[in-house]
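Visitor: Test case, fold it:
(2 chains)
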There are 2 protein chains.
Amino acid sequence: MKITAQDLAHFDQTYRTHLVNSLAGFKSANLIGTIDLQGATNLAIVSSVFHLGANPPLMGMIMRPHRVPRHTLENIQQTKCYTINHVNADIYQQAHHTSARYPKSQSEFAAASLTPQFRGQMLAPYVEQSRLQIGMELVSTQTLAVNDTELVIGKVIEIHVPESAIASDGFIDIAQLNSVAVSGLDSYHTTQSLGREPYAKPRPELST
Amino acid sequence: MKITAQDLAHFDQTYRTHLVNSLAGFKSANLIGTIDLQGATNLAIVSSVFHLGANPPLMGMIMRPHRVPRHTLENIQQTKCYTINHVNADIYQQAHHTSARYPKSQSEFAAASLTPQFRGQMLAPYVEQSRLQIGMELVSTQTLAVNDTELVIGKVIEIHVPESAIASDGFIDIAQLNSVAVSGLDSYHTTQSLGREPYAKPRPELST
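Guide: Here you go, the predicted model:
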């Protein structure tokens, strides 16, 4: 069927939100760990973390300032750091629960029965139950004029990962770590590998 | 094991690229269809498409202007439109092949044995073999100062999707459409649903 922009505008809000959130495809599921200057921790699930560059190693994420992860953004701006923790199949329900709207005084770590872990040189807490943890230093935040969302860009400072998950060429087998994928707002998925494709080269007969 | 920013800086380029590209988690796999003002079509696989907002319906993607999808960016800037087409398990190898560096005169549709489909009000071609096709209107492009990548933001103009894949609340079951997820640069995955989680509400005993 065909759905037009006019149709989208006339759908009720919940229907539109579910539908449009399904369009991008499978998304990463990450828990963002932060702390404020008074030492209060915060944890928020985010499906918008994306790769931005390998050298320097940069990642971006989109935050909705007027929605749930507001405390996360405030903490990142205060302390200039945060952690990114892969959600795996053992903790996806706990991870999803961090999207509930708790007051700032209530840490989502405790509410979701997840354990803050302080390690390496990061001020912000990692999630102990995560098997791929990334320590990030804030590079910049900018408000996107188009809809007032916030683009947060950070630099990778340290990575904690089981050595056995790293292939000889640097590829990390995140399926082996049981990392999950998200679709829409609330659907979680494990994955099954179809394989790795070789570096694509033009067919000689077509490249002249 | 712990990998630091210093380690990353000293790894060889291929190793670092594979490793850092694995960090974000599972990514969407989409084919971006474009056309230039002379009618030459172009197709590029992109794993950086992300949801930006539901109302208005907006999606973002990151392009590396000095890499393969340069023709894609030029075409989008010329025609102000593009299509986003989910890669499914039947075509992931053909989709991956579009990352080969062909000259502008060679359409990646033909090189990858995929079929351009002109439908709806889109000037840009869809991929006939894709089961979720999204017609986009360019809203803005901006160069991110941090590493000269390009952030492309577009608005959803039309969606082509089998009605049977849409749940009663608007959620699109992209696993049913056999859409794939990507990890790293070259690893493709089908998915198995763990289920949908209910909207998260604070536990009463913790929310005061």
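Visitor: where do the helices sit along chain A?
Guide: Here chain A has its helices, by DSSP state H, at A:5-10, A:13-21, A:70-79, A:92-97, A:108-111.
Visitor: Nearest to B:Lys201, out of these?
Guide: Across the helices of chain A, B:Lys201 has its closest neighbour in helix A:92-97 (9.1 Å, C-beta to C-beta). Glycine gets a C-beta too; all of them are placed from N, C-alpha and C.
Visitor: Identify the residues contacting the closest one?
Guide: A:29, A:31, A:45, A:87, A:108, A:111-114, A:129, A:180, A:186, A:188, B:194, B:197, B:200 (C-beta atoms under 8 Å, 6 or more residues apart in numbering or on different chains).
Visitor: Separate out the buried members of those.
Guide: Neighbour-count burial (16 or more other C-beta atoms under 10 Å in any protein chain shown) applied to those gives A:29, A:31, A:45, A:87, A:108, A:111-112, A:114, A:129, A:180, A:186, A:188, B:197, B:200.
Visitor: As a markdown table, the residues you listed with distance to B:His96 and pLDDT would be great.
Guide: As requested, those are exported to a markdown table (distance: C-beta to C-beta, whole Å; pLDDT from 0 to 100):
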| residue | distance to B:His96 | pLDDT |
| --- | --- | --- |
| A:Ala29 | 24 | 98 |
| A:Leu31 | 30 | 98 |
| A:Ile45 | 30 | 97 |
| A:Val87 | 26 | 98 |
| A:Glu108 | 38 | 94 |
| A:Ala111 | 41 | 95 |
| A:Ala112 | 37 | 96 |
| A:Leu114 | 36 | 98 |
| A:Gln129 | 33 | 98 |
| A:Val180 | 23 | 98 |
| A:Asp186 | 30 | 97 |
| A:Tyr188 | 26 | 98 |
| B:Glu197 | 32 | 94 |
| B:Ala200 | 36 | 93 |
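Visitor: Is it possible to get JSON lines of the residues you listed that adds distance to A:Gln142?
Guide: Converted to JSON lines, the buried ones among the contacts of helix A:92-97 look like this (distance: C-beta to C-beta, whole Å):
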{"residue": "A:Ala29", "distance to A:Gln142": "24"}
{"residue": "A:Leu31", "distance to A:Gln142": "23"}
{"residue": "A:Ile45", "distance to A:Gln142": "22"}
{"residue": "A:Val87", "distance to A:Gln142": "26"}
{"residue": "A:Glu108", "distance to A:Gln142": "25"}
{"residue": "A:Ala111", "distance to A:Gln142": "30"}
{"residue": "A:Ala112", "distance to A:Gln142": "29"}
{"residue": "A:Leu114", "distance to A:Gln142": "30"}
{"residue": "A:Gln129", "distance to A:Gln142": "32"}
{"residue": "A:Val180", "distance to A:Gln142": "29"}
{"residue": "A:Asp186", "distance to A:Gln142": "28"}
{"residue": "A:Tyr188", "distance to A:Gln142": "30"}
{"residue": "B:Glu197", "distance to A:Gln142": "31"}
{"residue": "B:Ala200", "distance to A:Gln142": "28"}
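Visitor: Show me which of these is closest to B:Ile172.
Guide: Of all the buried ones among the contacts of helix A:92-97, B:Ile172 sits closest to A:Asp186, with 12.6 Å by C-beta to C-beta.
Visitor: OK, contacts around the closest one?
Guide: A:96, B:171, B:196-199.
Visitor: if you set the cut-off to 6 Å instead, what comes out?
Guide: By C-beta atoms under 6 Å, 6 or more residues apart in numbering or on different chains, the contact list for A:Asp186 reads B:196-197.
Visitor: Quick check on it: phi, psi?
Guide: Torsion angles at A:Asp186 (phi, psi; degrees, to the nearest 10) stand at phi -150, psi 10.
Visitor: Give me the pLDDT for the nearest residue to A:His18 once chain neighbours are set aside.
Guide: Nearest non-adjacent residue to A:His18, counting by C-beta to C-beta, 6 or more residues apart in numbering or on different chains: B:Gly170, 3.6 Å away. Note for B:Gly170: predicted pLDDT of 98.
Visitor: Neighbours of B:Gly170, how many?
Guide: Using other C-beta atoms under 10 Å in any protein chain shown, the number of residues around B:Gly170 comes to 22.
Visitor: Go ahead and confirm it touches A:Val20.
Guide: No - with contact defined as C-beta atoms under 6 Å, B:Gly170 does not count as touching A:Val20 (8.2 Å).
Visitor: how about A:Tyr188, what does it touch?
Guide: A:92, A:180, B:194.
Visitor: what about 8 Å?
Guide: Going by C-beta under 8 Å, 6+ apart, A:Tyr188 touches A:29, A:87, A:89, A:92, A:96, A:180-182, B:193-197.
Visitor: That one pairs with what?
Guide: Beta-bridge pairing for A:Tyr188 (DSSP bridges): A:Val182, B:Gly195.
Visitor: Could you report the neighbour count for the residue lying closest to A:Gly53 once chain neighbours are set aside?
Guide: In space, and not counting its chain neighbours, A:Gly53 is closest to B:Asn147: 4.4 Å by C-beta to C-beta, 6+ apart. Residues contacting B:Asn147 under the criterion other C-beta under 10 Å number 16.
Visitor: tally of neighbours for A:Thr79?
Guide: When neighbours are counted by other C-beta under 10 Å, A:Thr79 registers 17.
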